[in-house]
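>>> Fold the following and give me the result.
(one chain, ligands or ions: 1)
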Amino acid sequence: MPKQRVVVLSGAGISAESGLGTFRGPEGLWDTGEPNSHGDGGTRTVRVEDVATPSAWVADPAQVLRFYNERRAQVRTAQPNAAHRALATLEQGFEVDTITQNIDDLHERAGSSRVLHLHGEIMVARSTAHSEHLEPLGDQDIHLGDMCPQGSQLRPHVVWFGEDVPAMSVAAELVTQADILLCVGTSLQVYPAASLVFLAPDEVRRIVVDPNIPESITRTAFECLAKRATEGVPQIVHELLRDAGIESEENKS
Ligand code: APR
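Sure, this is the predicted structure:
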């Protein structure tokens, strides 16, 4: 019997318990203009339009680079958590493709072998003029004046608001071929990524793990686990492997 195909759609929530913040909600990175939670009269300071848009890059590239350099430093120190690791073990019994909106590399470091980064990868630099030129950054940052071999400034290999999402067509194809769709830790508020859940054929089993089940999901036929990723994902992975008759290391415990 061919293995069933699981497509995972992950968002910032899966990396939250690795210490990487989410974007929306009370403590979210983009939740600005409001008084901060320290009660000191300050406000949250990161505005999408200052750091994650093409116009921000034109206006102040040094600020944009600094923002991503700081976030890259956080990613380097973060470790994959039990949810990332459980998804890697799912490959023992299923064909698994992970479509992630995350720019961190925690799925890969946990051992997932097929990861599609819809919004790019913070650990990779791209030439501003020659978009096919990519450079893994390793322990390097990007600074103004860092050039590709053809002499153009390097930028983070991430998708900014207002830019195309080149991986969308591959992602859409994966979702239409899925037997099981597993959404983890995404508010599904950002398009076109959010539209992927609506592309799954009717017969696809749909599961969501998120402590705050997104409204758009409740309007479709999802099995909802209102749990944190490190609790809900190992649980569902355990059940899927058990139902597939796989005696995984994880399932023996
Ligand atoms: N486990 C699982 N889910 C969690 C956890 C957790 N421990 N903590 C929070 N969440 C959920 C929240 O309930 C929310 O539904 O994670 C989701 C995070 O939503 P967003 O912050 O909107 O992140 P995401 O959906 O990934 O954002 C999409 O927006 O700014 C852009 O490019 C950025 O890729 C990002 C995109």
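>>> so P192 makes contact with P166?
No. Taking contacts as C-beta atoms under 8 Å, P192 lies outside contact range of P166: 11.1 Å. Using the backbone N, CA and C atoms, a C-beta is placed for each residue, glycine as well.
>>> Quick check: neighbours shared by these two?
Contact with both P192 and P166 is made by no residue, according to C-beta atoms under 8 Å, 6 or more residues apart in numbering.
>>> For the stretch 151-253 of the chain, which segments count as strands?
Residue ranges of the strands in the stretch 151-253 of the chain, as given by DSSP state E, counting those that start in this stretch, are 154-158, 180-184, 205-209, 223-225.
>>> Quickly check: the last one near the ligand or not.
No. Legend: contact between strand 223-225 and the ligand by C-beta under 6 Å from any ligand atom is lacking; minimum distance shown is 9.5 Å.
>>> buried ones in that strand?
Across strand 223-225, burial judged by 16 or more other C-beta atoms under 10 Å covers 224-225.
>>> What's the mean pLDDT across that strand?
Across strand 223-225, the average pLDDT comes to 94.
>>> what's that strand in contact with?
Counting by C-beta under 8 Å, 6+ apart, residues outside strand 223-225 touching it are 205-210, 213, 217-218, 232, 235-236.
>>> Top of these by number of neighbours, please.
Ranked by neighbour count (other C-beta atoms under 10 Å), these have V209 at the top, with 28 neighbours.
>>> I figured that one hits K227, correct?
Yes. Using C-beta under 8 Å, V209 is in contact with K227, at 6.0 Å.
>>> from the contacts of strand 223-225, which is closest to the ligand?
D210 (4.5 Å; C-beta to the nearest ligand atom).
>>> Report pLDDT for that closest one.
96.
>>> what does the one 3 residues further on give?
Note on I213: pLDDT of 93.
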